[in-house]
Structure formats: structure tokens, C-alpha cells
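Asks: Curious how this folds, go ahead:
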Amino acid sequence: MMKIFDDGNGELPPLDPVDPAREFAEREIRGWSRMLLPFAILLPWTFLYLSFSEGTRKDLPFAALAITHIGLGLALQGRRTSRRALVWAGVGCYPLALGVCVLLQRIR
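Replies: Numbers count the residues shown, from 1 in each chain. Now for the predicted structure:
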């Protein structure tokens, strides 16, 4: 990841070689985080559509939709501000939404 270099005199940043292992790890992390986007956006809306089309419970899809979109917002804000704990809290919302929906479905 490129860091911003500004010492006030407008010079170029140092062109040190990047560690290949670190670059590979960062690319792999970005790939996994992008893989979560369909889970955060498409699955809750599909779940909501299916509940309305089949006439089943409406509270579970709305809970999943709210939790996953809150998690997506937390993860994006954490990435924007470089706060790893916030990113992990956002990513943790996905299994939380799944667990809440499974448990509430069994209570019925």
C-alpha cells in the first residue's frame, strides 16, 4: 500500500522496493474483503424478496438487511480511516446476521 509522503518541499516519495510477501498478503486481504460485498448487498435483498414472494416472515429479512448493511458501513469506514478493529467489527456482522436469522427461524 502506498503511503503519502509530504515533507513540505514537494519532493517525490522514496522509491524503496516493496516486499513481495507483504504485497501478496495485502492483495489477498483485499480480495477476501471484496468477496464479502455480494454477501452484504445481494443476499439480504434476495432474502427479503423471497420472503415477500412466498409470504413468510418479514422480520428476519429486515434484520439481516439491517445488520449486514451496518456491517458493510463499519467495514468501509474502518478501511477509510485505517482502523483495523472497525473493519473486523464490520466483517463480524455477517456471521452475526446469519446466526440471528437461523436462531430466530428456529424459534418461530
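Asks: immediately after the helix ranked longest in the chain, which helix or strand?
Replies: In the chain, with assignment by DSSP state H, the single longest helix is helix 20-54. Following helix 20-54 in sequence order, the next helix or strand is helix 59-81 (DSSP states H and E).
Asks: Mind checking the pLDDT average for whatever helix or strand comes next after that following helix?
Replies: Beyond helix 59-81 on the C-terminal side, the first helix or strand identified by DSSP H and E is helix 84-107. Helix 84-107 shows a mean pLDDT of 80.
Asks: tilt between helix 84-107 and helix 20-54?
Replies: Relative orientation of helix 84-107 versus helix 20-54 (axes from the mean of the first three to the mean of the last three CA atoms, to 10 degrees): 30 degrees.
Asks: Buried residues, helix 84-107. List them.
Replies: 86, 87, 89, 90, 91, 93, 94, 96, 97, 101 (16 or more other CB atoms under 10 Å). C-betas here are computed from N, CA, C, even on glycine.
Asks: Below-threshold pLDDT in the protein: ranges please.
Replies: 1-17, 33, 36, 39, 105-108 (pLDDT under 70).
Asks: Apply 80 and report the result again.
Replies: 1-41, 43, 98, 100-108 (pLDDT under 80).
Asks: So what's the residue count around residue 67?
Replies: If you count neighbours by other CB atoms under 10 Å, residue 67 ends up with 20.
Asks: actually residue 71, not the one I typed
Replies: Counted with other CB under 10 Å, residue 71 comes out at 22.
Asks: so what's the residue nearest to it when sequence neighbours are not counted up against?
Replies: With CB to CB, 6 or more residues apart in numbering as the criterion, residue 71 has its nearest non-adjacent residue at 2.5 Å, and that residue is residue 93. Going by CB atoms under 8 Å, 6 or more residues apart in numbering, residue 93 touches 67, 68, 70, 71, 72, 74.
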